[in-house]
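Participant: one predicted model, sequence on top.
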Amino acid sequence: MQDRISIALVGIGKIARDQHIPSIAAGSDFDLKAAVSRHGKVEGIENHTDFDAFLATRSGIRAVSLCTPPEVRFDMARKAIAAGHDVLMEKPPATTLGEAEALADLARKAGVTLFSTWHSRFALGVAPAKAWLADKAIRSISIVWKEDVRRWHPGQAWIWEPGGFGVFDPGINALSILTEIVPGRVLVEKASLSFPANRKQPIAADIAMRTLGGAPIAAAFDWRQEGPQTWDITVETGQGTLRLSKGGAELFIDGIENSAGPDREYAGIYERFAALIRARESDVDFQPLRLVADAFLCGERLEVEAFED
């Protein structure tokens, strides 16, 4: 059995408590040695409130997992890389492509591992969906990604601020699956972004894209969904229809269930991070972030009624 890797968790909020802490504890690759957060704490380990002070005093911790909002992640990742730490970044990895690419360059020059995670790619149905589509002629793709922001992001004001991504915070999960299962680049053609009158980020978006082969892709993102939540991707091919449901957890081919099972997205992330560290490699795919940037660049802005949490 290989030695466990010491790791610190930075940003002790909802996603850290719901996913990162349980996944680290359940896995065999990492030992959670420290937490860094202005407000949250993790029982049973050392806790820091200042990231710079943590870096100065705890150089013996090998890896850092950044679970903060994206607008502060660049400076933290840059400092961690400079201090020689291997770095995992929650999605989205940065607020801009420029920041993301700069971090990849810094990690490469420093010889440390950088892992820009896309947790939805580790959903159970994604890998078999990619394999099934590899030799198929895609005719069209439909994405419907609609959820209730009040249920999934309670009290998270940062998501509405510049750099917060708005509805693209969950929508980028769909784009991460799309860019994983579709061979070649995906191109944005046009977009319509709905901004509440009292918010700085969109609450809904409709995006028209296409594959390099010309197959149309229609994506509908919305944060106002009540009742059952919808996270579906449907791919029509010349050899049948593929559907990923529940965020990629369930895969259907021509209506027949192909794979389903328990959630292992974050367990998969940490297994991948450990493998990258031991191989001294990085995984820095920024294609989902590029699609969001392109949607904002070519998107039409629509103002909708004010939204209250």
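Facilitator: Happy to help now that I have it. Bear in mind the structure is a predicted one, so any value in this text is a computation, not a measurement.

Participant: next, the buried residues of the helix or strand harbouring residue 47.
Facilitator: With secondary structure defined by DSSP states H and E, residue 47 is part of strand 46-48. Going by neighbour count (16 or more other Cβ atoms under 10 Å), the buried part of strand 46-48 is residue 48. To be clear about C-beta, it is placed using only N, CA and C from the backbone, and glycine gets the same treatment.

Participant: check stretch 151-171 too.
Facilitator: 153, 156, 158-160, 163-171.

Participant: make JSON lines out of those and add distance to residue 234, secondary structure and pLDDT.
Facilitator: Formatted as JSON lines, the buried residues of stretch 151-171 follow (distance: Cβ to Cβ, whole Å; DSSP: H, G, I helix; E, B strand; the rest coil; pLDDT from 0 to 100):
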{"residue": "153", "distance to residue 234": "26", "secondary structure": "coil", "pLDDT": "89"}
{"residue": "156", "distance to residue 234": "30", "secondary structure": "coil", "pLDDT": "86"}
{"residue": "158", "distance to residue 234": "32", "secondary structure": "helix", "pLDDT": "90"}
{"residue": "159", "distance to residue 234": "27", "secondary structure": "helix", "pLDDT": "93"}
{"residue": "160", "distance to residue 234": "30", "secondary structure": "helix", "pLDDT": "96"}
{"residue": "163", "distance to residue 234": "31", "secondary structure": "coil", "pLDDT": "89"}
{"residue": "164", "distance to residue 234": "29", "secondary structure": "coil", "pLDDT": "92"}
{"residue": "165", "distance to residue 234": "24", "secondary structure": "coil", "pLDDT": "95"}
{"residue": "166", "distance to residue 234": "24", "secondary structure": "coil", "pLDDT": "97"}
{"residue": "167", "distance to residue 234": "20", "secondary structure": "coil", "pLDDT": "98"}
{"residue": "168", "distance to residue 234": "20", "secondary structure": "helix", "pLDDT": "97"}
{"residue": "169", "distance to residue 234": "22", "secondary structure": "helix", "pLDDT": "95"}
{"residue": "170", "distance to residue 234": "18", "secondary structure": "helix", "pLDDT": "96"}
{"residue": "171", "distance to residue 234": "16", "secondary structure": "helix", "pLDDT": "97"}
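
Participant: neighbours of residue 144, how many?
Facilitator: 16 (other Cβ atoms under 10 Å).

Participant: does anything pack onto the helix or strand bottoming out on mean pLDDT in the chain? Which helices or strands?
Facilitator: Scoring the helices and strands of the chain by mean pLDDT, DSSP states H and E places strand 256-259 at the bottom, with a mean of 87. Secondary-structure packing of strand 256-259 (3 or more Cβ pairs under 8 Å, 6 or more residues apart in numbering; DSSP states H and E): helix 126-133, strand 250-253.

Participant: where does pLDDT dip in the chain?
Facilitator: By pLDDT under 70, the low-scoring segments of the chain are 1, 260.

Participant: residue closest to the middle of it?
Facilitator: residue 91 (3.2 Å; Cα atoms, centre = their mean).

Participant: now do the SS call for it.
Facilitator: Classification of residue 91 using DSSP: H, G, I helix; E, B strand; the rest coil returns coil.
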